[in-house]
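>>> Here is my input, please return the structure:
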Amino acid sequence: MKLTGNLEEAEEDETSKICIFGSCKPKWRPAGRLMVWDDAVEVKTPHQVFVRWEYYTCGNNGNGGPEDQDDTDENNNFYSSQCRGAIYRTEYSTTTGGYVPLEGAEVLARRWFTVHKGFSDAQGYYSCDGKFRNPANYSIKWERNDFSIRSGTVGQALYNGPKKTGNWNINIRENDIQEFYAMIFQGARYY
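Below is the predicted model of the structure:
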């Protein structure tokens with residue numbers, strides 16, 4: 001592994017250790033969420049719009065309890081305290097374009113000869129079928145049983161992600177070749 005560049009410096013010291021009674025690093029499961037930018041999706045954003053003031057009687061502390069009785073001023077004239085509260089309505093503004101979950105994509109987590117894979121669900125979440133102790137190389141394979149997206153004339157289209165420990169959450173952005181692959185992938189799943 002050291003000769004091929006697959007062994008990190010921090011791991012070199014650990015390879016000589018023997019794990020006794022849980023002294024090794026804990027294992028972690030590759031997981032995360034895949035989202036892709038879609039120009040055609042409409043996103044509704046709520047906004048609070050002021051309508052009017054509502055006035056009501058309140059007492060000393062304004063809680064409306066028994067202690068909130070009418071008060072007297074310095075001339076023993078009775079008066080009632082007035083409070084006001086704002087009334088709002090919700091309006092929505094619609095914008096075009098936003099992130100949508102990438103469903104059905106195959107995510108691979110690889111470490112040397114060990115490869116674990118998972119598939120994203122309808123909300124874009126995935127979890128791979130195995131665990132690692134050290135960082136793994138993430139990637140998305142643009143392929144399913146009935147179709148495959150090629151990057152050119154021969155090669156398989158892949159999204160090579162980071163080498164890391166922990167979840168890989170990704171938002172595939174517009175004007176990226178990977179967005180193009182993702183949108184073809186989304187469309188091909190329905191035909």
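>>> which strands and helices sit next to the strand ranked longest in the chain?
When the chain is parsed with DSSP state E, its longest strand is strand 31-58. Identification of packing neighbours for strand 31-58 by 3 or more C-beta pairs under 8 Å, 6 or more residues apart in numbering; DSSP states H and E yields strand 81-101, strand 125-127, strand 170-172, helix 177-189. All C-beta atoms are positioned from the backbone trio N, CA, C, and that covers glycine.
>>> Mind putting those into a markdown table with mean pLDDT?
Formatted as a markdown table, these follow (pLDDT from 0 to 100):
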| stretch | mean pLDDT |
| --- | --- |
| strand 81-101 | 87 |
| strand 125-127 | 95 |
| strand 170-172 | 86 |
| helix 177-189 | 68 |
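>>> wait, which of those is closest to Arg144?
helix 177-189 (7.1 Å; C-beta to C-beta).
>>> Report the buried residues of the longest strand of the chain.
31-38, 58 (16 or more other C-beta atoms under 10 Å).
>>> I'd guessed Glu179 sits against Arg173; true?
Yes: at 6.4 Å, Glu179 counts as touching Arg173 under the criterion of C-beta atoms under 8 Å.
>>> residues shared between the contacts of those two?
Trp37 (C-beta atoms under 8 Å, 6 or more residues apart in numbering).
>>> the more surrounded of these two?
Glu179 (17 against 12; other C-beta atoms under 10 Å).
>>> Neighbours of the nearest residue to that one once chain neighbours are set aside, how many?
Closest residue in space to Glu179, ignoring its immediate chain neighbours: Ile172 at 5.1 Å, by C-beta to C-beta, 6 or more residues apart in numbering. Ile172 has 21 neighbouring residues, counting by other C-beta under 10 Å.
>>> list the contacts for Ile172?
Neighbours of Ile172 in contact, by C-beta under 8 Å, 6+ apart: 34-37, 102, 159, 178-179, 182.
>>> Can you name the two of those that sit furthest apart?
Trp37 and Tyr159 (14.0 Å).
>>> Who does the residue nearest to Glu179 form a beta bridge with?
Beta-bridge pairing for Ile172 (DSSP bridges): Val36.
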